[in-house]
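Q: Output the structure for:
(3 chains)
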Amino acid sequence: MSSHDEFDAFEGAARASLSSRAMAARPAPYLDDLNPAQREAVEALEGPVLMLAGAGTGKTKALTSRIVHLLNTGKAQPNEILAVTFTNKAAREMKNRVGRMLGHAAEGMPWLGTFHAICVKLLRRHAELVGLKSNFTILDTDDQIRLLKQLIAANNIDEKRWPARMIAGIIDGWKNRAWTPEQVPASEASAYNNRGTEIYDQYQRRLRDLNATDFGDLLLHMVTIFQKHEDVLAQYQRWFRYIMVDEYQDTNVAQYLWLRLLAGGHRNICCVGDDDQSIYGWRGAEVGNILRFEKDFPGAKVVRLEQNYRSTPHILAAASGVIRGNEGRLGKELWTDAEEGEKVRLIGHWDGDEEARWVGEEVEALQRGTRGIRPLSLDAMAILVRASHQMRAFEDRFLTIGLPYRVIGGPRFYERLEIRDAMAYFRVVTSPEDDLAFERIVNTPKRGLGDKAQQNIQVTARQHGVSLLEGARILLAEGGISGKGAGQLRALVEGIDRWHAVARWHGVAPAEDADAVIEEGPTPPKGLVSHVELAQVILDESGYTEMWQNDKTPEAPGRLENLKELVKALESFENLQGFLEHVSLIMDNETENSEEKVSIMTLHAAKGLEFPAVFLPGWEDGLFPSQRSMDESGLKGLEEERRLAYVGITRAEEVCTISFAGNRRVFGQWQSALPSRFIDELPEEHVEVLTPPGLYGGGYGAAGMQSQLHDKASRADVYNSPGWKRMQERQTHRPMAQPQEVRNQVIDASAISAYTVGERVFHQKFGYGCITAIEGDKLDIAFEKAGPKKVVAKFIMSADDVPF
DNA sequence: CCATCCAGTGTTTTT
DNA sequence: CACTGGATGG
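A: Numbering: from 1, shown residues only, chains lettered A, B, ... in the order given. Below is the predicted model of the structure:
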């Protein structure tokens, strides 16, 4: 069943290409569009090439031109080119651009895609070599965790000490390094008393039994196959005449091996990357891969793209200043012809809420065009945060002021509870042996099938060596289940049978009996012709829709809405199975909403994007650079954080605004922080320090920004102010020095007793006042100007401590 | 079997 | 604080 078309097409095309190869190359106008470095990279078609492409240097342009050039010179047919990206977005864009350059759609590029998508295609063809059937399912993280939990329980391991999440992380790490259970080095294995490898081994067996893979397996299995089956490898080495890789700095060991194996014959491999933008070390990416390229492929041509077409000189200079702090770089210096533009703007705030408030106002100001540059559309602006929890403050604020925003890469559509439940139903219906899916839905909605009943099913299934669904059937037949749940279970099983029959009628039956089914499959019920309708029926008849209709919680309507969307999304697919495949790999939720919106996303999600105006909030030590990253990976971690800063700044075309807050709510507790060390690394001649607005509003409180309160000029040169110097002193020598203590006194709950009724205090907004009552951290204060108010202690300070 | 309450725990980053 | 998992009682 699975398509040989890409290859058959290849065979035919290959013959055709022989003749076209003999032809003289057609004129190539696209070459004139390139700068010398780009052109060099595009024209170096044979042999290994490393394209070191800095941010905004036209790397995608070069890459797509290269593909077009390969086609145009007749060196390769579309299906002879293997072009790998990391994200679906990147793959899509490349496809579009190639299509545009060719003047027609680039459907002929079946091997342009993500590592994972390409590996799935290959693995479906060779699944049997690793003990799978070609219709294997791909588990997501959620299933993975549940599977591991079962194994942990079965092994009597204390889940407190070894949480499933952690084990999953360890196993993922091993897979990223292309280690099968047997290949995990003893030194690694012993770190977990060899229990880890034991679980890993069991986990892999279980996956095989379930005819399933996880994400890491897709690559691992292919590497295994290539290593063990020379003939298969040789076949692909021949098929893929030219290989191109985007974001090479993000490849992990498994991906690296995969590439090296495939390129092993002709070595026509072109890797594009930027060591300064390597930000995925935490998930196994090895910067070493790119740093080592010339050793791996001796004689490789190295081309540097250094002319930046994106950002203004100030922004570039700021970014360069930061990244300069890293060691062991391949070395690139970006330059640009662009006009000077605005300096990078820096501003400190009292706390995170105020930062969000200020950013909201700035966004509106930029939109109105009152910030010195032309009015910008909301689409032209982005807020890039280090960690997703930072998004909340902005969402809250934007909601209250009615500023439209979109969160990119947030909690994804397909990861929502109701969507995953619905998907589990679809999975059971398309592949009845999918035990994980069955488990998920058997008692959702509640069918009176609790732990005991489910265990019963498990045991029966295991005894008979069949799937859970079959186990349930047997259990029912044997009468091994008592009254109440029995009826419901029977209804469910019958329902699945019914739906499955229809699904098979749609042509999604497992390969073995596909023919039989098409011949003599049951006639679908009247009116039930499309898989879209089938999906709706499944959700309705199973009681799942009803479950949410009866749910009175505020999120229930939204969930029903999402389910509707899900069913609608099915329209663009042939059948349920096609849809499931799509979802497991293409988890992006690009709701192409045309309304103008500000984008909010993590720095990681922003890689590869660009915006005229970029906000980089939360530059505080511990948050960015993240404490955890530094604790876990030390200097390496810090350097990765610094690269993240570099990525962030280089997203900006015209306006780049960095901000930090003195106080932030963490775990519901107020914590104070110092400005990020990366702020110190910004070259001051390229930075303009802004004064926070408001009477005494914001500022970095008692520390550096204080000087600006004295200097009423709105563009105080903070770098040369005593306040800034002092702050730097403190940062390097005594991180929690005096001004910090002052603040802690105010924040720290234990220090609240520092206030007494009658004491004169100061508040950011309300000014001076007297405390009239104290309850917990809430103070009643009679303000001199604003009158009596109830205020949380953190917002006030003793009048004696007011620094001006 | 299910709903509810409590305690403990965790926040990077994701194909 | 917000979410989860476990314990408890109906």
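Q: which parts of whichever strand or helix holds residue A:492 are buried?
A: Element membership of residue A:492 [criterion: DSSP states H and E] is helix A:483-505. The neighbour-count check on helix A:483-505 (16 or more other Cβ atoms under 10 Å) flags A:485-486, A:488-489, A:492-493, A:495-496, A:498-505 as buried. Where C-beta positions appear, they are placed from N, C-alpha and C, glycine not excepted.
Q: then that helix to PDB, C-alphas only?
A: Listed in PDB are the C-alpha atoms of helix A:483-505, where the atom choice follows Å, rounded to 0.1, in the frame of the first residue of the first chain:
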ATOM      1  CA  GLY A 483     -23.500  -5.500  35.800                       C
ATOM      2  CA  LYS A 484     -23.200  -1.800  35.800                       C
ATOM      3  CA  GLY A 485     -19.900  -1.200  33.900                       C
ATOM      4  CA  ALA A 486     -20.600  -4.200  31.700                       C
ATOM      5  CA  GLY A 487     -23.400  -2.600  29.800                       C
ATOM      6  CA  GLN A 488     -21.400   0.500  29.200                       C
ATOM      7  CA  LEU A 489     -18.300  -1.400  28.100                       C
ATOM      8  CA  ARG A 490     -20.400  -3.500  25.800                       C
ATOM      9  CA  ALA A 491     -21.800  -0.400  24.200                       C
ATOM     10  CA  LEU A 492     -18.300   1.000  23.800                       C
ATOM     11  CA  VAL A 493     -16.900  -2.100  22.200                       C
ATOM     12  CA  GLU A 494     -19.900  -2.300  19.900                       C
ATOM     13  CA  GLY A 495     -19.500   1.300  19.100                       C
ATOM     14  CA  ILE A 496     -15.800   0.900  18.200                       C
ATOM     15  CA  ASP A 497     -16.700  -2.000  16.000                       C
ATOM     16  CA  ARG A 498     -19.300   0.000  14.200                       C
ATOM     17  CA  TRP A 499     -17.100   3.000  13.700                       C
ATOM     18  CA  HIS A 500     -14.200   0.900  12.700                       C
ATOM     19  CA  ALA A 501     -16.200  -0.800  10.000                       C
ATOM     20  CA  VAL A 502     -17.000   2.600   8.600                       C
ATOM     21  CA  ALA A 503     -13.400   3.700   8.900                       C
ATOM     22  CA  ARG A 504     -12.400   0.700   7.000                       C
ATOM     23  CA  TRP A 505     -14.900   1.500   4.400                       C
END
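Q: Spell out whether that helix and DNA strand B are in contact.
A: Yes: shown here: helix A:483-505 in contact with DNA strand B (Cβ under 7 Å from any atom of the strand) through residue A:485.
Q: Could you look up the SS state of residue A:66?
A: With DSSP: H, G, I helix; E, B strand; the rest coil as the basis, residue A:66 sits in helix.
Q: Tell me which residues touch the residue in the stretch 101-250 of chain A positioned nearest to DNA strand B, please.
A: Among the residues of the stretch 101-250 of chain A, residue A:114 lies closest to DNA strand B, at 4.0 Å counting by Cβ to the nearest atom of the strand. Contacts for residue A:114 (Cβ atoms under 8 Å, 6 or more residues apart in numbering) come out as A:84, A:85, A:86, A:87, A:88, A:90, A:91, A:585.
Q: Do a quick rundown of the strands in the stretch 151-300 of chain A.
A: A:212-213, A:242-245, A:269-273 (DSSP state E, counting those that start in this stretch).
Q: Just send those back as CSV, with mean neighbour count too.
A: Converted to CSV, those look like this (neighbours: other Cβ atoms under 10 Å):
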stretch, mean neighbour count
strand A:212-213, 24
strand A:242-245, 23
strand A:269-273, 26
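Q: Tell me which of the ones you listed sits nearest to DNA strand C.
A: Taking Cβ to the nearest atom of the strand, strand A:212-213 is the member of the strands of the stretch 151-300 of chain A nearest to DNA strand C, at 20.5 Å.
Q: Can you tell me what sits against the closest one?
A: Against strand A:212-213 from outside (Cβ under 8 Å, 6+ apart): A:123, A:132, A:136, A:137, A:138, A:139, A:143, A:207, A:221, A:434, A:436.
Q: cutoff 6 Å now
A: Contact with strand A:212-213 is made by A:136, A:137, A:138, A:139, as judged by Cβ atoms under 6 Å, 6 or more residues apart in numbering.
Q: Looking at those residues, spot the one nearest residue A:474.
A: The shortest approach to residue A:474 among the contacts of strand A:212-213 belongs to residue A:137, at 23.2 Å (Cβ to Cβ).
Q: Contacting DNA strand B as well, which ones from the contacts of strand A:212-213?
A: Counting by Cβ under 7 Å from any atom of the strand, no member of the contacts of strand A:212-213 reaches DNA strand B.
Q: ok, the residues you listed vs residue A:647, which is closest?
A: Closest approach to residue A:647 among these (Cβ to Cβ): residue A:138, at 29.1 Å.
Q: Up against DNA strand B, what does the stretch 301-450 of chain A have?
A: Counting by Cβ under 7 Å from any atom of the strand, the residues of the stretch 301-450 of chain A near DNA strand B are A:386, A:387, A:388, A:389, A:409, A:443, A:446, A:447, A:448, A:449, A:450.
Q: Show me the one in those residues that has more neighbours than the rest.
A: In terms of neighbours by other Cβ atoms under 10 Å, those top out with residue A:386 at 24 neighbours.
Q: what packs against the helix or strand containing residue A:38?
A: Per DSSP H and E, residue A:38 falls inside helix A:36-43. Judged by 3 or more Cβ pairs under 6 Å, 6 or more residues apart in numbering; DSSP states H and E, the packing partners of helix A:36-43 are helix A:59-72, strand A:301-305.
Q: Tell me how far whichever helix or strand comes after the last one lies from the chain's centre.
A: Toward the C-terminus, strand A:301-305 is succeeded by helix A:313-323 as the next helix or strand (DSSP H and E). With Cα atoms, centre = their mean, to the nearest Å as the basis, the distance from the averaged C-alpha position of helix A:313-323 to the chain average is 26 Å.
Q: Surely residue A:347 and residue A:688 touch.
A: No: shown here, residue A:347 and residue A:688 do not form a contact pair, counting by Cβ atoms under 6 Å, at 9.4 Å.
Q: Look at those two and report which has more neighbours.
A: For the pair residue A:347 and residue A:688, the greater number of neighbours falls to residue A:347 (25 against 16), based on other Cβ under 10 Å.
Q: Beyond the helix or strand of chain A with the lowest mean pLDDT, next helix or strand please.
A: Sorting the helices and strands of chain A by mean pLDDT, DSSP states H and E puts helix A:738-747 at the bottom, at a mean of 30. Beyond helix A:738-747 in the direction of the C-terminus, DSSP H and E gives the next helix or strand as strand A:760-763.
Q: Perfect, that will be all.
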